[in-house]
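Visitor: sequence? don't have it. structure:
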């Protein structure tokens, strides 16, 4: 079988390609050129020229053919533009989830099929399992590195064309494999933050590429104005408000109104939610017709919590938490699990 291995220039994707070679697959390395919107990429961000060169070198070491594929237009339209639009709507987007759904599992898979490959592979720490006609997405072995959350929007029909060789290993084991192969990426640091953020952060991206005017307004706390702000895109639900602008204790962003520009701050307990509504759900099981039990994560690094899911419309569910959750954030991904298997996930619409 011919497989296109996405190679970012890091240790995970390099070892993933090597593991496929060991299993006898025909592997073609592909590096996606995604972003150079500001003409420079800060250190420790994926997609930098240095990372692309690293991927070229690693493919040469592995003895596989390598191609650089230009997806910059697709990335800008589907990831960067959407990111900016959502921030200016008062949401907190998760571009990495969308990138895996659209760029990798759609555009890269289409490219793979054009060059005669049957599947793609990445270095993500998650596991795809199949049993007969059924196929499922599971947490990776390494609990600290599990990335199934970021892959939940890849539908089952595409999962059958996805290989995740790193998912059955722990991160240190992947590095050990790289060291045994004398790969110079064995100790390479991991990329951090958004690949298209600038040294000033993501705000500069929104200000440059947003398709509507920056919405300025007021930060209020208990009905009193704390200060004027220079754009709602600088706020996310749960973000701390500075002490110099408020009381002598921690207060947090409670709500963002994209129409008026008003950002409301509150105490930590004011941001606790017992429930939420999740929309645009991608199911990995038959869509439930009645209430089911599961666990849910409301952000990548949050702890899973027990919950009840109740269908309330097409691809939409009402989620009741077993315990209140802090800063349920519209625009973020909520992912549902049954033990280690993903059963579905969607975008948080609102907390309750």
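Guide: Alright, I've got the coordinates. Model, not experiment: these values are computed from the prediction.

Visitor: Residue 234 is in contact with residue 200, isn't it?
Guide: No - taking contacts as Cβ atoms under 8 Å, residue 234 lies outside contact range of residue 200: 11.2 Å. All C-beta atoms are positioned from the backbone trio N, CA, C, and that covers glycine.

Visitor: out of these two, which sits in the more crowded spot?
Guide: In this view residue 234 and residue 200 are compared by other Cβ atoms under 10 Å, and residue 234 has more residues nearby, 18 against 10.

Visitor: show me the contacts for the more buried one.
Guide: Listed by Cβ atoms under 8 Å, 6 or more residues apart in numbering, the contact partners of residue 234 are residue 203.

Visitor: roughly how far apart are it and residue 326?
Guide: With distances taken as Cβ to Cβ, to the nearest Å, residue 234 is found 20 Å from residue 326.

Visitor: Give me the number of neighbouring residues for residue 324.
Guide: Applying other Cβ under 10 Å, we find 14 other residues in the vicinity of residue 324.

Visitor: Regarding it, what is its secondary structure?
Guide: Applying DSSP: H, G, I helix; E, B strand; the rest coil to residue 324 yields a three-state assignment of strand.

Visitor: Next: residue 150.
Guide: helix.

Visitor: can you pull the contacts of it?
Guide: The contact partners of residue 150, by Cβ under 8 Å, 6+ apart, come to 96, 97, 100, 124, 300.

Visitor: if I pick the closest residue in space to residue 102 that isn't next to it in sequence, what's in contact with it?
Guide: Take residue 102 and drop its neighbours on the chain: the residue closest to it by Cβ to Cβ, 6 or more residues apart in numbering is residue 78, 4.8 Å away. Neighbouring residues of residue 78 by Cβ under 8 Å, 6+ apart: 98, 102, 103.

Visitor: quick one: the last one and residue 30 touch, right?
Guide: Meaning residue 103. No - under the criterion of Cβ under 8 Å, residue 103 lies out of contact with residue 30, with a separation of 11.9 Å.

Visitor: Please say which of the two ends up with more neighbours.
Guide: Neighbours per residue (other Cβ under 10 Å) separate residue 103 from residue 30, with residue 30 holding more: 24 against 20.

Visitor: in a strand, that's where the more buried one is, yeah?
Guide: Yes - judged by three-state DSSP, residue 30 forms part of a strand.
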